[in-house]
Each structure stands twice: as structure tokens, then as C-alpha cells.
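Asks: here is a sequence with its predicted model. Questions after.
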Amino acid sequence: MRNIVLSLDDQINSEVAFSKYFESGENNNNTIKRMKKLLAAAIQNELTDRQKDCVIQYYYEKKSVKEIAENTGIKPTTVYKHINKARKAIKKCACYL
């Protein structure tokens with residue numbers, strides 16, 4: 001088992017960076033626009049058709065995993081797998097921001 005040491009300095013530094021990020025106003029709007037474009041591009045180009053379908057229904061149409069499973073004809077566990085793989089692919093793209 002690995003022990004993790006938490007540092008108050010790290011927490012304070014991250015909170016300061018976080019607050020500066022959201023105080024920037026105009027820059028924040030530009031960042032949000034870039035993030036939305038990145039998300040749209042990642043969904044369009046990096047996901048399989050099944051992953052796209054699951055992600056769009058889950059996040060944009062606010063459907064439950066059970067509803068998605070019924071709509072697509074796949075098992076709920078498979079829906080979870082598609083959503084998790086899609087998250088990983090999007091996260092991988094986000095590192096290039």
C-alpha cells in the first residue's frame with residue numbers, strides 16, 4: 001500500500017491558481033469557448049459511433065444508462081463501458097489544450 005502525503009501548501013497554491021483563473025473574466029470566456037470547441041472536435045473525431053451515441057444521450061439529452069441501453073439495444077454495463085472509454089479519449093485530447 002502506498003502512503004499519500006497531503007500538503008497544505010499544495011492546496012493553497014491550487015486554490016490561488018483556481019481563483020485567479022476565474023477572476024480573469026474575458027479570458028475565462030475565451031477558455032470556455034476553446035473547451036467547447038475541443039469537446040465537440042473530440043466527440044466528432046475521437047469517439048466511435050457507439051461512444052458518440054452514448055455520450056450524447058447521457059450528457060446532452062440527460063437520459064439514464066437504462067434508457068440508453070433500451071434505445072440502443074445493448075446492456076447497461078456496455079453503456080457504462082462506452083461512456084468511460086469516451087471520457088478517457090476526451091481526457092486524452094484535453095491535455096493538448
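Replies: Sure, I can see it.

Asks: what is the longest helix along the chain packed up against?
Replies: When the chain is scanned for its longest helix (criterion: DSSP state H), the result is helix 26-46. If you count contacts as 3 or more CB pairs under 8 Å, 6 or more residues apart in numbering; DSSP states H and E, helix 26-46 packs onto helix 8-23, helix 49-55, helix 76-94. (C-beta placed from N, C-alpha, C; glycine too.)

Asks: lowest average pLDDT across these?
Replies: With a mean of 53, helix 8-23 has the lowest mean pLDDT of the helices and strands packed on helix 26-46.

Asks: ends of stretch 59-74, what's the gap?
Replies: End-to-end distance for stretch 59-74: 18 Å, by CA to CA, to the nearest Å.

Asks: now that stretch, how far from the chain's geometric center?
Replies: Centroid displacement of stretch 59-74 relative to its chain, using CA atoms, centre = their mean, to the nearest Å, is 18 Å.

Asks: ditto for stretch 45-64
Replies: That offset, for stretch 45-64, works out to 12 Å (CA atoms, centre = their mean).

Asks: how far does that stretch stretch from one end to the other?
Replies: Taking CA to CA as the measure, stretch 45-64 stretches 24 Å from start to finish.

Asks: so what touches stretch 39-57?
Replies: Contact with stretch 39-57 is made by 63, 67-68, 71-72, 74, 79, 82-83, 85-86, 89-90, 92-94, as judged by CB atoms under 8 Å, 6 or more residues apart in numbering.

Asks: give me the buried entries from these.
Replies: Among the contacts of stretch 39-57, those scoring as buried are 63, 68, 74, 79, 82-83, 85-86, 89-90, 93 (criterion: 16 or more other CB atoms under 10 Å).

Asks: with distance to Thr31 added, can I get those in a markdown table?
Replies: Converted to a markdown table, the buried ones among the contacts of stretch 39-57 look like this (distance: CB to CB, whole Å):
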| residue | distance to Thr31 |
| --- | --- |
| Lys63 | 29 |
| Ile68 | 30 |
| Ile74 | 35 |
| Val79 | 31 |
| His82 | 28 |
| Ile83 | 25 |
| Lys85 | 26 |
| Ala86 | 22 |
| Ala89 | 21 |
| Ile90 | 16 |
| Cys93 | 16 |
